[in-house]
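A.B. asks: With the sequence up front, the predicted model follows.
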Amino acid sequence: MSRAPSVLAFLLAAPALAADPKPVPLFDGKTFAGWEGDTDKTWRIEDGVIVGGSLDAVVPRNEFLCTTKTYGDFELKVVFKLTGDKDKMNAGVQFRTKRIPKHHEVIGYQADMGQDYWGALYDESRRKKVLAKPDPKVLEKAVKHGDWNEYTIRCEGPRVRLWLNGTLTVDYTEADDAIDRTGVIGLQVHGGAKAKVYYKSVTIEELPAKK
């Protein structure tokens with residue numbers, strides 16, 4: 001007499017269900033494990049926070065602390081604070097970015113911060129221009145000057161969206177198919193000002209690739 005297969009046998013034979021993706025931390029709060037950059041002069045860890053730049057001397061040039069791993073489609077969250085000369089200070093979060101060989105600069109998208117660039121999408125060292133930016137009235141309600149802010153960066157295929165403190169500031173679709181859709185994550189401190197930037201709670205949720 002035939003018998004129905006046991007529940008255990010069915011579970012063992014069935015393919016494993018994929019777990020829902022969850023955000024994972026990119027910074028352990030203690031070390032630069034998984035990151036590379038000028039950790040001798042520019043970047044340091046203070047009280048569990050990544051810190052770059054100085055309020056005592058002008059930052060001499062752009063510097064980037066980058067992940068050693070590359071990412072394609074994802075949702076990235078970064079909590080940050082920018083202090084210093086308000087008229088000159090600048091920083092940003094790089095993504096889908098590449099290091100320029102034997103150079104301190106990088107090429108790729110940046111969620112910008114500082115001056116008139118808060119909430120804007122900038123193309124670092126490539127087209128060298130703002131690709132999209134929010135309405136100033138919307139921005140002024142969203143940004144917290146001299147305090148902690150949060151960027152949410154979501155990349156799905158050619159679509160890039162930025163939220164600053166929960167307010168959507170950019171919804172941009174890349175029209176150029178030659179622009180790379182993968183790259184590293186980078187934290188920037190901009191040269192040319194007395195500025196100090198703090199980054200913490202850096203998490204990423206990788207998403208299925210979209211065409």
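C.D. replies: Arrived safely.

A.B. asks: what helix or strand is the residue nearest the centre of the chain on?
C.D. replies: Most central in the chain under C-alpha atoms, centre = their mean is Val93, positioned 4.2 Å from the mean C-alpha point. Per DSSP states H and E: Val93 is located in strand 91-99.

A.B. asks: just the angle between the helix or strand that that strand is followed by and strand 91-99, please?
C.D. replies: Sequence-wise, the next helix or strand downstream of strand 91-99 (DSSP H and E) is strand 106-113. Orientation check (axes from the mean of the first three to the mean of the last three C-alpha atoms, to 10 degrees): strand 106-113 against strand 91-99 gives 160 degrees.

A.B. asks: What are the buried residues along strand 106-113?
C.D. replies: Within strand 106-113, the residues scored as buried using 16 or more other C-beta atoms under 10 Å are 106-113. Yep, even glycine has a C-beta here, placed from its N, CA and C like the rest.

A.B. asks: A helix includes Glu140, no?
C.D. replies: Yes - looking at Glu140 with DSSP: H, G, I helix; E, B strand; the rest coil, it is inside a helix.

A.B. asks: circling back to that earlier point, could you identify the most distant pair in the buried residues of strand 106-113?
C.D. replies: Farthest apart among these by C-beta to C-beta are Ile107 and Met113. That separation is 19.0 Å.

A.B. asks: which regions of this protein lie under the pLDDT threshold?
C.D. replies: By pLDDT under 70, the weakly predicted segments of the chain are 1-20.
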